[in-house]
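Engineer: Sequence first, then the predicted structure:
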Amino acid sequence: MNPSPSLKGQAALVTGADSGIGKGVAMALASAGAKLVINYAHNHDAAEATVNEITAAGGEAFAVQADVSHEDQVKEMFAQMFAKYGTIDILVNNAGLQKDSKFVDMTLEDWNTVISINLTGQFLCSREATKEFIRRGVIEDRSSAAGKIICMSSVHEVIPWGGHVNYAASKGGISMFMKSIAQELAPHKIRVVGIGPGAIQTPINKSAWDTPEALDKLLTLIPYNRIGKPDDIGKLAAWLASDQADYITGTTIFMDGGMTLYPGFADNG
Ligand code: NAD
(Lines give C-alpha, C1' and ligand atoms only; values in the text may rest on other atoms or scores of the structure.)
Protein backbone atom coordinates (compact mmCIF):
# COMPACT_ATOMS: atom_id res chain seq x y z
CA MET A 1 0.00 0.00 0.00
CA ASN A 2 1.30 3.47 -0.91
CA PRO A 3 1.83 5.37 2.39
CA SER A 4 1.43 8.86 0.85
CA PRO A 5 -1.84 10.04 -0.62
CA SER A 6 -1.58 10.60 -4.36
CA LEU A 7 -3.51 13.33 -6.14
CA LYS A 8 -1.46 13.03 -9.32
CA GLY A 9 -3.05 14.74 -12.31
CA GLN A 10 -6.01 16.09 -10.32
CA ALA A 11 -7.15 19.72 -10.52
CA ALA A 12 -7.91 21.41 -7.19
CA LEU A 13 -9.40 24.76 -6.26
CA VAL A 14 -8.75 26.12 -2.76
CA THR A 15 -10.64 29.26 -1.74
CA GLY A 16 -8.79 31.75 0.44
CA ALA A 17 -5.48 30.06 -0.39
CA ASP A 18 -3.30 33.17 -0.02
CA SER A 19 -3.10 32.87 3.79
CA GLY A 20 -3.22 30.58 6.81
CA ILE A 21 -4.99 27.23 6.54
CA GLY A 22 -5.88 27.68 2.84
CA LYS A 23 -2.24 28.19 1.97
CA GLY A 24 -1.24 25.13 4.03
CA VAL A 25 -3.90 23.06 2.25
CA ALA A 26 -2.84 24.28 -1.20
CA MET A 27 0.82 23.42 -0.48
CA ALA A 28 -0.12 19.93 0.76
CA LEU A 29 -2.38 19.18 -2.23
CA ALA A 30 0.36 20.37 -4.60
CA SER A 31 2.97 18.19 -2.93
CA ALA A 32 0.60 15.22 -3.37
CA GLY A 33 0.59 15.93 -7.12
CA ALA A 34 -2.48 18.13 -7.68
CA LYS A 35 -2.46 21.23 -9.90
CA LEU A 36 -3.90 24.19 -8.04
CA VAL A 37 -6.09 27.24 -8.39
CA ILE A 38 -5.14 29.68 -5.64
CA ASN A 39 -8.23 31.78 -4.96
CA TYR A 40 -7.87 35.04 -3.07
CA ALA A 41 -10.13 37.96 -2.21
CA HIS A 42 -7.83 41.00 -2.11
CA ASN A 43 -4.17 40.18 -1.48
CA HIS A 44 -2.73 39.60 -4.95
CA ASP A 45 0.90 39.59 -3.75
CA ALA A 46 0.22 36.92 -1.11
CA ALA A 47 -1.59 34.76 -3.70
CA GLU A 48 1.33 35.08 -6.13
CA ALA A 49 3.72 34.16 -3.30
CA THR A 50 1.76 30.92 -2.75
CA VAL A 51 1.84 30.21 -6.51
CA ASN A 52 5.60 30.83 -6.56
CA GLU A 53 6.22 28.49 -3.61
CA ILE A 54 4.29 25.73 -5.39
CA THR A 55 5.98 26.21 -8.77
CA ALA A 56 9.43 26.49 -7.16
CA ALA A 57 8.82 23.04 -5.66
CA GLY A 58 7.97 21.68 -9.14
CA GLY A 59 4.17 21.98 -8.89
CA GLU A 60 1.58 23.78 -11.02
CA ALA A 61 -0.63 26.64 -9.80
CA PHE A 62 -2.17 29.95 -10.79
CA ALA A 63 -4.03 32.62 -8.82
CA VAL A 64 -7.62 33.81 -9.40
CA GLN A 65 -9.21 36.75 -7.62
CA ALA A 66 -12.87 36.21 -6.65
CA ASP A 67 -15.08 37.11 -3.73
CA VAL A 68 -16.75 33.76 -2.95
CA SER A 69 -19.95 35.48 -1.81
CA HIS A 70 -20.58 36.89 -5.32
CA GLU A 71 -22.19 34.46 -7.77
CA ASP A 72 -20.82 36.16 -10.90
CA GLN A 73 -17.26 36.16 -9.56
CA VAL A 74 -17.50 32.49 -8.54
CA LYS A 75 -18.75 31.52 -12.01
CA GLU A 76 -15.95 33.50 -13.65
CA MET A 77 -13.36 31.81 -11.37
CA PHE A 78 -14.58 28.34 -12.41
CA ALA A 79 -14.56 29.43 -16.08
CA GLN A 80 -10.89 30.42 -15.69
CA MET A 81 -10.11 27.10 -14.02
CA PHE A 82 -11.84 25.09 -16.77
CA ALA A 83 -10.07 27.12 -19.49
CA LYS A 84 -6.70 26.24 -17.96
CA TYR A 85 -7.15 22.73 -16.51
CA GLY A 86 -10.28 21.52 -18.37
CA THR A 87 -12.08 20.33 -15.23
CA ILE A 88 -12.07 20.14 -11.42
CA ASP A 89 -11.46 17.10 -9.20
CA ILE A 90 -11.13 18.67 -5.73
CA LEU A 91 -12.80 21.75 -4.21
CA VAL A 92 -11.69 23.00 -0.81
CA ASN A 93 -14.16 25.56 0.56
CA ASN A 94 -11.81 27.32 2.95
CA ALA A 95 -12.47 31.09 2.69
CA GLY A 96 -13.84 32.55 5.89
CA LEU A 97 -13.65 35.43 8.32
CA GLN A 98 -14.87 36.70 11.68
CA LYS A 99 -16.73 39.95 12.54
CA ASP A 100 -17.02 39.67 16.31
CA SER A 101 -19.18 41.61 18.73
CA LYS A 102 -21.52 41.14 21.65
CA PHE A 103 -24.83 39.77 20.37
CA VAL A 104 -26.89 42.86 21.26
CA ASP A 105 -24.39 45.06 19.42
CA MET A 106 -24.13 42.88 16.31
CA THR A 107 -25.03 44.82 13.18
CA LEU A 108 -27.04 43.27 10.36
CA GLU A 109 -24.13 44.12 8.08
CA ASP A 110 -21.67 42.06 10.17
CA TRP A 111 -24.17 39.19 10.41
CA ASN A 112 -24.73 39.19 6.63
CA THR A 113 -21.02 39.52 5.77
CA VAL A 114 -20.05 36.46 7.80
CA ILE A 115 -22.95 34.30 6.61
CA SER A 116 -22.41 35.38 2.96
CA ILE A 117 -18.71 34.55 2.89
CA ASN A 118 -18.50 31.58 5.28
CA LEU A 119 -21.72 29.77 4.29
CA THR A 120 -23.16 31.14 1.03
CA GLY A 121 -19.63 31.11 -0.44
CA GLN A 122 -19.46 27.35 0.17
CA PHE A 123 -22.86 26.91 -1.50
CA LEU A 124 -21.88 28.89 -4.61
CA CYS A 125 -18.51 27.15 -5.09
CA SER A 126 -19.86 23.66 -4.33
CA ARG A 127 -22.71 24.08 -6.84
CA GLU A 128 -20.33 25.03 -9.66
CA ALA A 129 -17.96 22.16 -8.84
CA THR A 130 -20.84 19.67 -8.61
CA LYS A 131 -22.18 20.58 -12.08
CA GLU A 132 -18.78 19.68 -13.51
CA PHE A 133 -18.37 16.49 -11.42
CA ILE A 134 -21.75 15.21 -12.67
CA ARG A 135 -21.09 16.25 -16.28
CA ARG A 136 -17.70 14.49 -16.33
CA GLY A 137 -18.21 11.52 -13.99
CA VAL A 138 -15.48 9.20 -12.77
CA ILE A 139 -12.20 8.99 -14.66
CA GLU A 140 -10.93 5.52 -13.77
CA ASP A 141 -7.17 6.07 -13.57
CA ARG A 142 -7.49 9.39 -11.72
CA SER A 143 -9.75 8.77 -8.72
CA SER A 144 -12.48 6.38 -7.58
CA ALA A 145 -14.75 9.40 -7.04
CA ALA A 146 -16.22 11.79 -9.60
CA GLY A 147 -15.24 14.64 -7.30
CA LYS A 148 -14.36 15.61 -3.76
CA ILE A 149 -15.58 18.64 -1.80
CA ILE A 150 -13.92 19.57 1.51
CA CYS A 151 -15.78 22.11 3.64
CA MET A 152 -13.63 24.01 6.16
CA SER A 153 -15.76 24.18 9.26
CA SER A 154 -14.55 24.63 12.84
CA VAL A 155 -14.89 23.19 16.33
CA HIS A 156 -17.56 25.91 16.50
CA GLU A 157 -19.90 23.77 14.41
CA VAL A 158 -20.47 22.01 17.78
CA ILE A 159 -19.02 24.34 20.47
CA PRO A 160 -21.24 27.40 21.05
CA TRP A 161 -19.28 30.69 20.97
CA GLY A 162 -20.68 33.78 22.64
CA GLY A 163 -19.41 37.02 21.17
CA HIS A 164 -19.01 35.24 17.83
CA VAL A 165 -22.62 34.29 17.13
CA ASN A 166 -22.52 34.99 13.38
CA TYR A 167 -19.34 32.89 13.00
CA ALA A 168 -20.66 29.95 15.06
CA ALA A 169 -23.97 30.06 13.15
CA SER A 170 -22.09 29.95 9.84
CA LYS A 171 -20.11 26.90 10.96
CA GLY A 172 -23.18 25.11 12.33
CA GLY A 173 -24.77 25.82 8.95
CA ILE A 174 -21.78 24.34 7.12
CA SER A 175 -22.24 21.08 9.05
CA MET A 176 -25.81 20.52 7.83
CA PHE A 177 -25.01 21.90 4.35
CA MET A 178 -22.12 19.43 4.04
CA LYS A 179 -24.16 16.44 5.27
CA SER A 180 -27.17 17.24 3.09
CA ILE A 181 -25.20 17.58 -0.14
CA ALA A 182 -23.14 14.49 0.78
CA GLN A 183 -26.41 12.53 1.05
CA GLU A 184 -27.75 13.91 -2.24
CA LEU A 185 -24.51 13.54 -4.22
CA ALA A 186 -23.19 10.15 -3.04
CA PRO A 187 -25.03 8.28 -5.84
CA HIS A 188 -23.05 10.45 -8.29
CA LYS A 189 -19.82 9.19 -6.64
CA ILE A 190 -19.14 12.64 -5.19
CA ARG A 191 -17.68 12.73 -1.68
CA VAL A 192 -18.28 15.69 0.63
CA VAL A 193 -16.36 15.96 3.90
CA GLY A 194 -15.94 18.58 6.63
CA ILE A 195 -12.78 19.51 8.51
CA GLY A 196 -13.27 21.00 11.97
CA PRO A 197 -10.03 22.71 13.01
CA GLY A 198 -9.45 23.73 16.60
CA ALA A 199 -6.97 26.55 17.22
CA ILE A 200 -4.62 26.81 14.25
CA GLN A 201 -1.92 29.49 14.21
CA THR A 202 -3.03 31.92 11.47
CA PRO A 203 -3.84 35.63 11.11
CA ILE A 204 -7.57 35.04 11.88
CA ASN A 205 -6.83 34.35 15.60
CA LYS A 206 -3.53 36.24 16.05
CA SER A 207 -4.61 37.85 19.33
CA ALA A 208 -5.09 34.36 20.82
CA TRP A 209 -1.42 33.34 20.34
CA ASP A 210 0.79 36.39 19.76
CA THR A 211 1.76 36.94 23.41
CA PRO A 212 2.92 34.26 25.90
CA GLU A 213 -0.02 35.14 28.19
CA ALA A 214 -2.58 34.74 25.40
CA LEU A 215 -1.03 31.45 24.27
CA ASP A 216 -1.02 30.07 27.86
CA LYS A 217 -4.72 30.91 28.17
CA LEU A 218 -5.47 29.29 24.81
CA LEU A 219 -3.57 26.12 25.78
CA THR A 220 -5.94 25.57 28.73
CA LEU A 221 -8.53 24.73 26.03
CA ILE A 222 -6.26 22.24 24.23
CA PRO A 223 -5.56 18.93 26.06
CA TYR A 224 -2.76 18.06 23.62
CA ASN A 225 -1.05 21.29 24.77
CA ARG A 226 0.04 22.79 21.48
CA ILE A 227 -1.47 25.12 18.91
CA GLY A 228 -2.14 23.60 15.48
CA LYS A 229 -0.33 24.59 12.28
CA PRO A 230 -1.74 25.07 8.77
CA ASP A 231 0.37 22.08 7.69
CA ASP A 232 -1.56 19.82 10.13
CA ILE A 233 -4.77 20.68 8.31
CA GLY A 234 -3.03 20.48 4.91
CA LYS A 235 -1.98 16.87 5.47
CA LEU A 236 -5.51 15.91 6.55
CA ALA A 237 -7.04 17.62 3.50
CA ALA A 238 -4.65 15.84 1.11
CA TRP A 239 -5.53 12.49 2.69
CA LEU A 240 -9.29 13.19 2.65
CA ALA A 241 -9.13 14.18 -1.03
CA SER A 242 -7.27 10.99 -1.93
CA ASP A 243 -8.62 7.51 -2.62
CA GLN A 244 -7.22 6.42 0.76
CA ALA A 245 -10.33 8.14 2.18
CA ASP A 246 -12.65 6.83 -0.56
CA TYR A 247 -15.25 5.46 1.89
CA ILE A 248 -15.54 8.73 3.87
CA THR A 249 -18.40 11.06 3.06
CA GLY A 250 -20.86 13.21 5.00
CA THR A 251 -18.90 13.63 8.21
CA THR A 252 -16.66 16.22 9.85
CA ILE A 253 -13.19 15.20 10.98
CA PHE A 254 -12.19 17.35 13.97
CA MET A 255 -8.48 18.19 14.12
CA ASP A 256 -8.20 20.10 17.34
CA GLY A 257 -5.73 18.58 19.84
CA GLY A 258 -8.77 17.53 21.88
CA MET A 259 -10.54 20.90 22.09
CA THR A 260 -13.91 19.20 21.59
CA LEU A 261 -13.28 16.89 24.61
CA TYR A 262 -14.70 19.42 27.12
CA PRO A 263 -11.27 19.86 28.84
CA GLY A 264 -12.91 21.83 31.68
CA PHE A 265 -14.35 18.50 32.90
CA ALA A 266 -10.96 16.68 32.99
CA ASP A 267 -10.49 16.98 36.79
CA ASN A 268 -14.08 17.61 37.72
CA GLY A 269 -15.31 14.09 38.49
P1 NAD B 1 -6.93 33.61 7.43
O2 NAD B 1 -7.47 34.93 7.81
O3 NAD B 1 -5.45 33.41 7.43
O4 NAD B 1 -7.47 33.17 6.02
C5 NAD B 1 -8.78 33.44 5.58
C6 NAD B 1 -8.79 33.35 4.08
O7 NAD B 1 -10.11 33.61 3.61
C8 NAD B 1 -7.86 34.39 3.43
O9 NAD B 1 -7.12 33.75 2.42
C10 NAD B 1 -8.83 35.38 2.80
O11 NAD B 1 -8.33 35.94 1.61
C12 NAD B 1 -10.02 34.47 2.50
N13 NAD B 1 -11.25 35.23 2.32
C14 NAD B 1 -11.88 36.04 3.21
N15 NAD B 1 -12.98 36.58 2.62
C16 NAD B 1 -13.03 36.10 1.36
C17 NAD B 1 -13.93 36.25 0.27
N18 NAD B 1 -15.00 37.06 0.37
N19 NAD B 1 -13.67 35.59 -0.88
C20 NAD B 1 -12.59 34.78 -0.99
N21 NAD B 1 -11.71 34.59 0.00
C22 NAD B 1 -11.94 35.24 1.16
O23 NAD B 1 -7.62 32.58 8.43
P24 NAD B 1 -7.55 30.98 8.54
O25 NAD B 1 -7.43 30.67 9.96
O26 NAD B 1 -6.57 30.43 7.59
O27 NAD B 1 -9.04 30.58 8.10
C28 NAD B 1 -9.33 29.71 7.04
C29 NAD B 1 -10.60 28.93 7.35
O30 NAD B 1 -10.37 28.09 8.48
C31 NAD B 1 -11.80 29.80 7.70
O32 NAD B 1 -12.97 29.24 7.12
C33 NAD B 1 -11.87 29.70 9.21
O34 NAD B 1 -13.16 29.90 9.71
C35 NAD B 1 -11.41 28.27 9.41
N36 NAD B 1 -10.93 27.98 10.76
C37 NAD B 1 -9.79 28.55 11.26
C38 NAD B 1 -9.38 28.22 12.55
C39 NAD B 1 -8.12 28.76 13.17
O40 NAD B 1 -7.88 28.52 14.36
N41 NAD B 1 -7.27 29.48 12.42
C42 NAD B 1 -10.15 27.34 13.33
C43 NAD B 1 -11.31 26.81 12.79
C44 NAD B 1 -11.70 27.12 11.51
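Structural biologist: Cool, got the structure.
Engineer: what's the helix or strand encompassing Gln73 in contact with?
Structural biologist: Using DSSP states H and E, Gln73 sits in helix 71-85. Residues outside helix 71-85 that contact it (CB atoms under 8 Å, 6 or more residues apart in numbering): 11, 13, 35, 37, 39, 62, 64-68, 88, 121, 124-125, 128-129, 132. C-beta here means a position set from N, CA and C on the backbone, and glycine is covered the same way.
Engineer: near the ligand too, which of these?
Structural biologist: Restricting the contacts of helix 71-85 to those touching the ligand (CB under 6 Å from any ligand atom) yields 39, 67-68.
Engineer: need the strands for the stretch 151-269 of the chain, in chain order.
Structural biologist: Here the stretch 151-269 of the chain has its strands, by DSSP state E, counting those that start in this stretch, at 190-197, 252-255.
Engineer: Now the ones you listed in a markdown table, please, with extra columns for distance to the ligand, mean neighbour count and mean pLDDT.
Structural biologist: Below are these laid out as a markdown table (distance: least, CB to the nearest ligand atom, whole Å; neighbours: other CB atoms under 10 Å; pLDDT from 0 to 100):
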| stretch | distance to the ligand | mean neighbour count | mean pLDDT |
| --- | --- | --- | --- |
| strand 190-197 | 4 | 24 | 99 |
| strand 252-255 | 9 | 19 | 98 |
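Engineer: residues near Trp111, how many?
Structural biologist: Trp111: 16 surrounding residues under other CB atoms under 10 Å.
Engineer: How about it, nearest residue that isn't a chain neighbour?
Structural biologist: Residue nearest to Trp111 in three dimensions, not counting chain neighbours: Asn166, with 4.8 Å by CB to CB, 6 or more residues apart in numbering.
Engineer: I'd like the strands of the stretch 151-269 of the chain as CSV, with distance to Ala245 appended.
Structural biologist: Output for the strands of the stretch 151-269 of the chain, formatted as CSV (distance: least, CB to CB, whole Å):
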stretch, distance to Ala245
strand 190-197, 7
strand 252-255, 9
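Engineer: Check the contact between Ser126 and Glu184; I expect there is one.
Structural biologist: No: using CB atoms under 8 Å, Ser126 makes no contact with Glu184, being 11.0 Å away.
Engineer: So which residues of the stretch 151-269 of the chain form helices?
Structural biologist: For the stretch 151-269 of the chain, helices defined by DSSP state H, counting those that start in this stretch occupy the ranges 165-185, 212-219, 230-241.
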